[in-house]
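K.L.:
Sharing a sequence plus its predicted fold:
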Amino acid sequence: MKSTSRIISLIAILLAAIGLLAAGAGGAQASVVAASTGLTQQRVAPQAECPPNCPTVKWVIVKVGPGYDTTGAWHDCAAVAPTPGFKKSYTCSFTGGVSNTYSETVGISAEGISASVGFSVTYSTSVTGGTTYTPNSEKAKGEVEWASQYVTHKLSEVAYLDGFEVGTHTGYASKWNQPLSRYVPAGTSTSSTSGTFTKKHWTCKKACP
């Protein structure tokens, strides 16, 4: 009887030990899963939160679209007032800083964008010029304005992580082209084709962009 009781006790101890080993293995597995989950979360976290040698997202410009014309903000340069009895011409003189620009890009430096589009997106200078506007009517009243015209390119960006595409984005790069002039009748916010612009000229302090 004593030997039987001893055998039963040993079996109970063995089963308890097996249970502890199983629990330990489960805990270790849970730790591995937690560690794996933590690593996955860190892999897509900002670089500042990423441990050493952690893969980070890399943005690449994969396509530069064809250029199309865009216009910057308009500026007043000559007020047009009624001149009963004769037609008067108005000189629109302008001067101001002009520059190439880029916007809405992510993860790519200005140098990288410039290399992709073929011009410096940070180049700037100042432009001085003018034009002469002659209205068709002696009763004309409004404002002669000028603005910068740009040639803008759409940039298609792709984000990669460990060689896999994980996101896309669209940005823009614009190259300054020339100044534009328009006549806006009083009481409106749109330009009119009435009248004639002549003697258009401009120069850049440095080479024009």
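P.N.:
Everything's here; your move.
K.L.:
Where do the domain boundaries of this protein fall?
P.N.:
2-49, 58-204 (automatic domain parsing).
K.L.:
looking at those domains, which one has the lowest mean pLDDT?
P.N.:
If the domains of the chain are sorted by mean pLDDT, domain 2-49 sits at the bottom with a mean of 39.
K.L.:
What residues sit buried inside stretch 54-63?
P.N.:
Going by neighbour count (16 or more other Cβ atoms under 10 Å), the buried part of stretch 54-63 is V57, W59, I61. Using the backbone N, CA and C atoms, a C-beta is placed for each residue, glycine as well.
K.L.:
elements contacting whichever strand or helix holds E145?
P.N.:
Taking DSSP states H and E as the definition, E145 sits inside strand 142-161. Counting contacts by 3 or more Cβ pairs under 8 Å, 6 or more residues apart in numbering; DSSP states H and E, strand 142-161 is packed against strand 58-64, strand 68-71, strand 75-80, strand 90-99, helix 110-117, strand 124-134, strand 164-185.
K.L.:
Out of these, flag the one nearest K141.
P.N.:
Taking Cβ to Cβ, strand 75-80 is the member of the helices and strands packed on strand 142-161 nearest to K141, at 6.0 Å.
K.L.:
How far off centre is stretch 143-160?
P.N.:
11 Å (Cα atoms, centre = their mean, to the nearest Å).
K.L.:
May I see the helices and strands packed on strand 142-161 arranged in CSV, with distance to G142 as well?
P.N.:
Below are those laid out as CSV (distance: least, Cβ to Cβ, whole Å):
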stretch, distance to G142
strand 58-64, 39
strand 68-71, 18
strand 75-80, 5
strand 90-99, 10
helix 110-117, 37
strand 124-134, 10
strand 164-185, 4
